[in-house]
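In: Any chance you can model this:
(3 chains)
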Amino acid sequence: MASILGREITGAQLFWERTLAIPSFPEFRQRVTGQVVQKVGRRGKFLLLSLANDTILFHLRMSGDLLVEPGSAPLNPHVRLFLDLSGNLRLAFNDARKFGRVWLLNEPEDVLAALGPEPFDPGFTPEELHRRLVTRRRQLKPLLLDQTFIAGLGNIYADEALYLAKLHPNTLSHTLSIEQTTRLWSSIRQVLSEGIQRQGATIDWVYRGGDFQNYFRVYQRTGEPCLECQTPIVRIVIGQRSTHFCPFCQPQPE
DNA sequence: ACGAGCGCCTGTCGGC
DNA sequence: TGCCGACAGGCGCTCG
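Out: Model prediction:
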């Protein structure tokens, strides 16, 4: 796969208005055309393309995907926006459910500043996590999904981390001891490391990734035995998101 | 401050 | 077969 680094953006097309959060498409095309991709980065679930004067942010949401392909390749019917790149390449933003978003920003911090800490940041210590937990009174599951609390966790990783930490998803954040917090801290890092190592999960018809789905301990294992105690895994709904846990290993708090 | 409900979207799957 | 609801790796909004 050819790299997009150092390529010049020579054009752009938009197929679904709402995919482009900001600015208008005429301004977007005018500003990006002629700029060179200098750096590719990530912050939380946002992907960053650094240009000379601007940053393009991508958020894939549920069904988004970014593809580097030959400029002459047939267009996937779910492509919502693409950039033409020098060297006859195309960067296509594919998104069946149209939840994904693209921003062009002079100051990416306008969007990124709201994000919580990166789980692998050296400053993100168990003590820091504990400080953040006790200043809120929220159920752990929705709190872990809150990108302003911690950046980067999604539904799979929240469930898997709570299972490894032996914490019920309903547990209120301010009740966690230092010991429980330390377990949660290392569990978050562990499940993210595993997911990265496995290159993510491949689920359904649209989610393209690695094979982490073969190593899920609770996610989408409703009714199957817990790997530790054989108790059937339970599925509940918290904050409109499906939540999977072992009722024996992760007992309901008092 | 927090949680519930809803909207945004397309597609698949299982049950009747 | 066809229809219909449930469900899906996310997040922003309103309301109480």
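In: residues in contact with the residue nearest to A:Y207 when sequence neighbours are not counted?
Out: Residue nearest to A:Y207 in three dimensions, not counting chain neighbours: A:A201, with 6.8 Å by CB to CB, 6 or more residues apart in numbering. Every residue, glycine included, has its C-beta placed from N, CA and C. Counting by CB atoms under 8 Å, 6 or more residues apart in numbering, A:A201 touches A:156, A:195, A:207, A:209-213, A:216.
In: Sort the residues you listed by pLDDT and name the bottom one.
Out: The weakest per-residue confidence within the contacts of A:A201 falls on A:Y207 (78).
In: confidence score at A:M1?
Out: A:M1 is given a pLDDT of 60.
In: A:L81 is in contact with A:L75, correct?
Out: No. Between A:L75 and A:L81 there is no contact under CB atoms under 8 Å: 11.3 Å.
In: Comparing those two, which residue is more hemmed in?
Out: A:L81 (23 against 13; other CB atoms under 10 Å).
In: my guess is that one contacts A:E17, does it?
Out: No. Under the criterion of CB under 8 Å, A:L81 makes no contact with A:E17, lying 10.1 Å away.
In: Need the overlap of contacts for A:L75 and A:L81.
Out: A:A92.
In: could you pull out the helices for chain A?
Out: Ranges of helices within chain A are A:25-32, A:109-112, A:126-134, A:140-145, A:155-164, A:178-197, based on DSSP state H.
In: Neighbours of A:S24, how many?
Out: 12.
In: With A:V191 instead?
Out: 27.
In: Got the confidence number for the nearest residue to it once chain neighbours are set aside?
Out: Counting by CB to CB, 6+ apart, A:V191 lies nearest to A:E160, which is 4.3 Å off, once chain neighbours are set aside. Looking at A:E160, its pLDDT is 97.
In: just the one 10 residues further on next, same as before
Out: Predicted confidence (pLDDT) at A:N170: the value is 95.
In: tell me which parts of chain A are close to DNA strand C?
Out: Residues of chain A lying near DNA strand C by CB under 7 Å from any atom of the strand: A:44-45, A:59, A:61-62, A:97, A:99, A:145, A:147, A:154-156, A:195, A:200-204, A:207-209, A:220, A:240-242.
In: quick one, domains of chain A?
Out: A:9-112, A:126-245 (automatic domain parsing).
In: what sits against A:A96?
Out: By CB under 8 Å, 6+ apart, the neighbours of A:A96 are A:63, A:78, A:206.
In: Please produce TSV containing those, extended by pLDDT, distance to A:E224 and neighbour count.
Out: Formatted as TSV, these follow (pLDDT from 0 to 100; distance: CB to CB, whole Å; neighbours: other CB atoms under 10 Å):
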residue	pLDDT	distance to A:E224	neighbour count
A:S63	94	26	18
A:H78	95	32	18
A:V206	78	24	15
